[in-house]
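# The sequence and its predicted three-dimensional model are supplied below.
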Amino acid sequence: MIDGIETHPHDVLIIGAGGAGLRAAVEAAERGASVGLVCKSLLGKAHTVMAEGGIAAALAHVAPDDSWQIHFRDTMVGGKMLNNPRMAELHAQEAPDRVRELELWGAVFDRTRDGRILQRPFGGHTHPRLAHVGDRTGLEMIRTLQDRAVAAGVAVYMECTVTHLTTRPDRVTGAVATWRTTGRPVVFPAKAIVLATGGIGRAYEITSNSWEYTGDGHALAYLAGAELIDMEFVQFHPTGMVWPPGVRGLLVTEAVRGEGGILRNRVGDRFMWRYLPPERTHEYAASDAEAEAWVEALTAGRPTEARRPPELSTRDNVARAIYTEVKEGRGSPHGGVFLDISYLPAERVRRKLPSMYDQFMELADVDITKGPMEVGPTTHYVMGGVRVDAETGASTCRGLYAAGEVAGGMHGANRLGGNSLSDLLVFGQRAGAAAAEAAKLEANVPWVSPIQVREAEEELNAPFERGEDEDAYRIQADLQATMQSLVGIFRTDADLTSAIERIAELRRRWSAIRVEGGRAYNPGWGLVTELRNLLVVSEAIARSALERTESRGAHSRIDFPDTDPKWGSVNCVVSRAGDAMDVATAAVNELPTELGAIAARG
């Protein structure tokens with residue numbers, strides 16, 4: 001105990017109970033570590049449950065020619081070669097084992113006719129390689145991993161929000177958190193900490209992300225002295241709901257397009273053919289007939305010479321295409337485009353996409369077996385994150401690890417659909433293993449400075465004691481409007497500069513927030529810390545986007561529309577310099593000759 005404050009020491013502390021956090025917790029516990037797992041909501045409610053389409057892994061069950069080498073190449077090409085090549089290599093090599101492991105632990109996947117795990121196609125993947133459970137894959141993953149974690153004896157701290165990391169000059173020592181149920185503080189001294197907090201989507205107005213995605217891990221790492229990388233690359237998923245307003249941004253899984261969904265504008269034009277990158281056009285069907293032949297062959301489980309539909313281009317490309325169609329006046333009535341899968345048999349649609357069928361029936365009164373959906377881009381994923389070692393997930397701050405969306409480097413400038421779930425499995429396992437092994441080298445749980453704990457308490461209590469009247473929700477709305485309008489799908493120098501100035505003003509307003517009421521179940525109080533985190537990541541995104549004077553992957557500059565070769569060899573790195581934020585460049589990890597040859601094929 002620290003002066004009466006509740007304290008729970010552990011060898012390994014995992015912050016975040018989504019797929020990456022649970023996989024890390026399982027691995028660390030099974031290696032003999034005492035593991036604490038902290039989550040903002042309830043166990044089983046993590047954002048991973050909203051991942052629908054599948055887990056990318058070269059199992060070669062549907063496409064016998066698939067291999068880890070082709071998966072690696074697709075990942076590197078999709079990431080515009082800015083990926084950490086060792087991470088992409090490990091991911092492609094180990095994803096099949098991680099999927100088979102889930103199956104061994106009880107996950108029930110959809111099956112081929114001969115009983116193997118079924119796989120579906122997704123944008124940017126050469127072959128069908130997404131292992132799935134209908135369109136509820138993330139839910140099955142979380143159910144399986146949480147059962148395994150509980151069986152492994154992991155201590156779970158639910159409705160508990162980590163607000164600060166404690167440090168000493170050479171390492172992290174623990175974490176300070178608050179209980180949502182009481183508002184009281186709790187301290188977690190730990191030999192090693194794994195961040196698995198997910199993304200930053202709540203920095204934007206329109207997002208597919210849950211309320212938990214407020215950049216907590218990104219900001220905690222940055223404030224503790226760790227580096228962030230590739231923060232300019234924010235993925236806007238092409239297909240979110242656009243109507244009714246109350247569900248705007250809710251994800252429409254890429255599985256709809258993977259199963260044959262067609263994108264059309266308001267005049268019925270299948271527009272994606274116009275937006276295919278010239279160097280990749282040869283990979284896609286040249287006509288409706290060829291695209292339909294591909295869909296039918298996929299459904300029948302037979303090989304075909306037909307090429308995949310243009311709707312299965314990479315997410316960054318499809319999102320820009322939809323945005324352009326709407327901006328040029330060819331959008332649907334509610335500001336999106338139409339996604340149609342109703343030309344397929346209704347029974348097939350309901351069987352392959354049960355969640356999408358229910359979602360549109362219940363929320364939009366649209367039967368997707370009888371007519372098209374209206375969809376448009378929604379903030380979905382951040383490729384940038386904590387700069388980590390490929391092998392271990394170790395950050396640049398000793399004792400601090402990261403896995404899943406909070407970690408950068410794996411996806412480069414753009415993530416392929418399905419690679420997120422395999423990413424969190426592969427690197428969740430690796431981070432958990434490395435943290436457990438590092439903990440074995442420490443004789444005792446580190447001493448946590450009472451001064452740092454008191455300083456954290458003072459920051460948390462300050463909003464109740466101020467005389468100012470700034471409101472956290474107004475600041476959040478202003479931040480989201482700033483990011484949506486100035487740091488969105490298309491960017492300019494003037495917009496980014498304006499965004500940075502607005503974020504600085506919002507930070508000044510943040511220091512004057514006043515909160516009323518008690519500390520128990522007070523969402524306004526919780527939002528204060530979340531806003532601190534969102535302001536950090538928003539500034540990192542805007543400054544990195546201003547630094548990168550080119551267009552690449554998910555980063556599109558109107559004033560620099562071309563890809564610049566000189567930017568193809570560097571990553572933007574964000575670090576803390578006192579109270580200021582520094583953005584520098586670092587050379588992209590070298591691509592070994594043999595991997596370079598693989599990435600260059602096709």
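Now that the structure is in, tell me what you want to look at.

# Give the burial count for Glu590, as a bare number.
Neighbour count for Glu590, taken as other CB atoms under 10 Å: 11. C-beta coordinates here come from the backbone N, C-alpha and C atoms, glycine included.

# likewise Leu104?
For Leu104, using other CB under 10 Å, the count is 9.

# Distance check, it against Gly21.
20 Å (CB to CB, to the nearest Å).

# Also Gly418?
20 Å.

# lowest-pLDDT helix or strand in this structure?
helix 593-600 (a mean of 85; mean pLDDT, DSSP states H and E).

# buried sites along that one?
Residues of helix 593-600 classed as buried: Leu595, Ile598, Ala599 (neighbour count, 16 or more other CB atoms under 10 Å).

# Now do the same contact list for Ser342.
With contact set as CB atoms under 8 Å, 6 or more residues apart in numbering, Ser342 has these partners: Val349, Ile368, Thr369, Lys370, Gly371, Pro372.

# Could I get the CA-only coordinates of stretch 457-472 as CSV?
Taking C-alpha atoms only, stretch 457-472 is exported to CSV below (Å, rounded to 0.1, in the frame of the first residue of the first chain):
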residue,chain,number,x,y,z
GLU,A,457,-3.9,12.1,-8.0
GLU,A,458,-3.6,15.9,-8.0
GLU,A,459,-4.1,16.0,-11.8
LEU,A,460,-7.1,13.8,-11.5
ASN,A,461,-8.7,15.8,-8.7
ALA,A,462,-8.0,19.2,-10.3
PRO,A,463,-11.1,19.5,-12.4
PHE,A,464,-13.3,19.3,-9.3
GLU,A,465,-11.5,22.2,-7.7
ARG,A,466,-11.3,24.7,-10.5
GLY,A,467,-13.3,27.9,-10.8
GLU,A,468,-13.3,27.9,-14.6
ASP,A,469,-16.3,26.6,-16.5
GLU,A,470,-14.8,24.8,-19.6
ASP,A,471,-16.8,21.8,-20.5
ALA,A,472,-15.1,18.5,-21.5
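
# so what's the residue lying closest to Gly418 once chain neighbours are set aside up against?
Distance criterion CB to CB, 6 or more residues apart in numbering; nearest residue to Gly418, sequence neighbours excluded, is Ala56 at 3.4 Å. Listed by CB under 8 Å, 6+ apart, the contact set of Ala56 reads His71, Ala95, Phe122, His125, Arg129, Leu130, Leu416, Gly417, Gly418, Asn419, Leu421, Ser422.

# how does it look with 7 Å?
Ala56 makes contacts with His71, Ala95, His125, Arg129, Leu130, Leu416, Gly418, Asn419, Ser422, as judged by CB atoms under 7 Å, 6 or more residues apart in numbering.

# Likewise for Glu457?
Glu457 neighbours (CB under 7 Å, 6+ apart): Pro185.

# Check which helix or strand it maps to.
helix 450-465 (DSSP states H and E).

# List the buried residues for that helix?
Gln452, Val453, Ala456, Glu457, Leu460, Pro463, Phe464.

# From the contact counts, what lies against the helix or strand that that helix is followed by?
Next along the chain after helix 450-465, taking DSSP H and E as the criterion, comes helix 472-486. Here helix 472-486 touches helix 493-510, helix 523-547, going by 3 or more CB pairs under 7 Å, 6 or more residues apart in numbering; DSSP states H and E.

# hang on, Met483 packs against Gly201?
No: using CB atoms under 7 Å, Met483 is not in contact with Gly201, being 10.2 Å away.

# which one of the buried residues of helix 593-600 sits closest to Asp269?
Of all these, Ala599 has the smallest distance to Asp269: 34.3 Å, by CB to CB.

# can you give me the strands for the stretch 301-450 of the chain?
For the stretch 301-450 of the chain, strands defined by DSSP state E, counting those that start in this stretch occupy the ranges 337-340, 373-382, 385-386, 400-402.

# closest one to Glu27 among those?
Nearest to Glu27, of those and by CB to CB, is strand 400-402 at 11.4 Å.

# which residues are contacting the closest one?
Taking CB under 7 Å, 6+ apart as the rule, strand 400-402 contacts 172, 192-195, 217, 221, 224, 226, 385-386, 388, 392-395, 431, 434-435.

# from the middle of its chain, how far away would it be?
16 Å (CA atoms, centre = their mean, to the nearest Å).
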